[in-house]
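Asker: Make a model of this:
(one chain, ligands or ions: 2)
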Amino acid sequence: MTDPDARAEILDLAALEARPVPQLPPGESLSVEAAYAIQARLVARRLARGERPVGLKLGLTSEAKMKQVGVTEVILGRLTDAMQHPEGVSIDLGALIHPRVEPEIAFLLRCPLPPDPTPEQALDCVEAVAPALEIIDSRYEGFRFDLGDVIADNASSAGFVLGHWHRPDTDIGNVPISLSLSGAPCETGTSAAILGHPLNALAAAGRIAASRGIATAAGDVVLAGAATAAVPLSPGARVGAEFGPLGRIEIRAGAPEDPEN
Ligand code: OOG
Ligand code: MG
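Answerer: Ligands and ions are numbered 1, 2, ... in the order given. Sure thing, here's the model as predicted:
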């Protein structure tokens, strides 16, 4: 039996020191329940250092993502204020192991999510919607993990950037999304790839949060999960993400000699 506190400490230190750790050997695979218990302890360590919870993120809500990492179940992770970066920022890659970036849709909640909402009930809780970029960084060597490993590792959460907020009734069902790296197109997709509609992901967030004892609140941000595969962030890269009528987000990956880092 893996000790949850010890496992949370290993994953926390891996993130703090930007040094990857091996995933658990196959014989020691975590149950989903044990994995969420480790995630809770991992995030508690961050909160004990003064970080504030600001919301949740879904993972593996699109086929492209499931295929990329070989895990086919929707997962939930927790976001803190320390993970949020302003639009246009230069991301310090030195603090990360092998970061990737991916395009997302974000929701701002105006009330807690019901325990098992329909997409319509989930929409009732939405204050605003925005395009977003997520920076993920698995703490496991080779970015390799199974379902339990990635849940325990807070769903690879590392950072996120929000674009402009739009009204909650904005049609987000089929938003064209394209990602470019230093001007070269690399991934294209649509928000329909997110469980058919990002509101299905929000409903899943309500369901998973309730089943794992995770509270949601007015003011929370919920990331719906990436619509395309994630792309590696390398030093000096300029990331541009176009979200049709929702707008555009840009970030930069700090070059080693960049004075902003
Ligand atoms: C797991 C996190 C998945 C998403 O949007 O699907 C995720 C990973 O790919 O490392 O954030
Ligand atoms: Mg993501």
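Asker: pLDDT below threshold where in this protein?
Answerer: Residue ranges of the chain with pLDDT under 70: 1, 256-261.
Asker: Please enumerate the helices of it.
Answerer: Ranges of helices in the chain, per DSSP state H, are 4-17, 32-48, 63-69, 119-124, 147-152, 198-211.
Asker: For the longest one, name the packing helices and strands.
Answerer: This means helix 32-48. helix 4-17, strand 75-80, helix 147-152 (3 or more Cβ pairs under 8 Å, 6 or more residues apart in numbering; DSSP states H and E). C-beta: built from backbone N, CA, C; applies to glycine.
Asker: neighbouring contacts of the last one?
Answerer: Which is helix 147-152. Helix 147-152 has contacts (Cβ atoms under 8 Å, 6 or more residues apart in numbering) with 7-8, 11, 23-24, 29-32, 34-36, 38-39, 42, 59, 69, 71, 73, 75-77, 138, 140, 156.
Asker: ditto for stretch 195-211
Answerer: Under Cβ under 8 Å, 6+ apart, the answer for stretch 195-211 is 56, 58, 61-62, 74-76, 105, 107, 113-123, 125-126, 129, 172-173, 191, 194, 214-216, 222, 224-225.
Asker: what number of residues lie near whatever residue of the stretch 1-150 of the chain ends up closest to ligand 1?
Answerer: Using Cβ to the nearest ligand atom, the point where the stretch 1-150 of the chain gets nearest to ligand 1 is Gly59, with a distance of 3.0 Å. Other residues near Gly59 come to 28 when the count uses other Cβ atoms under 10 Å.
Asker: same deal with Arg41?
Answerer: With other Cβ under 10 Å as criterion, Arg41 counts 18.
Asker: Enumerate every residue touching the residue of the stretch 1-150 of the chain closest to ligand 1.
Answerer: By Cβ under 8 Å, 6+ apart, the contact set of Gly59 is Lys65, Val74, Ile75, Leu76, Gly77, Val150, Ala155, Ser156, Gly225.
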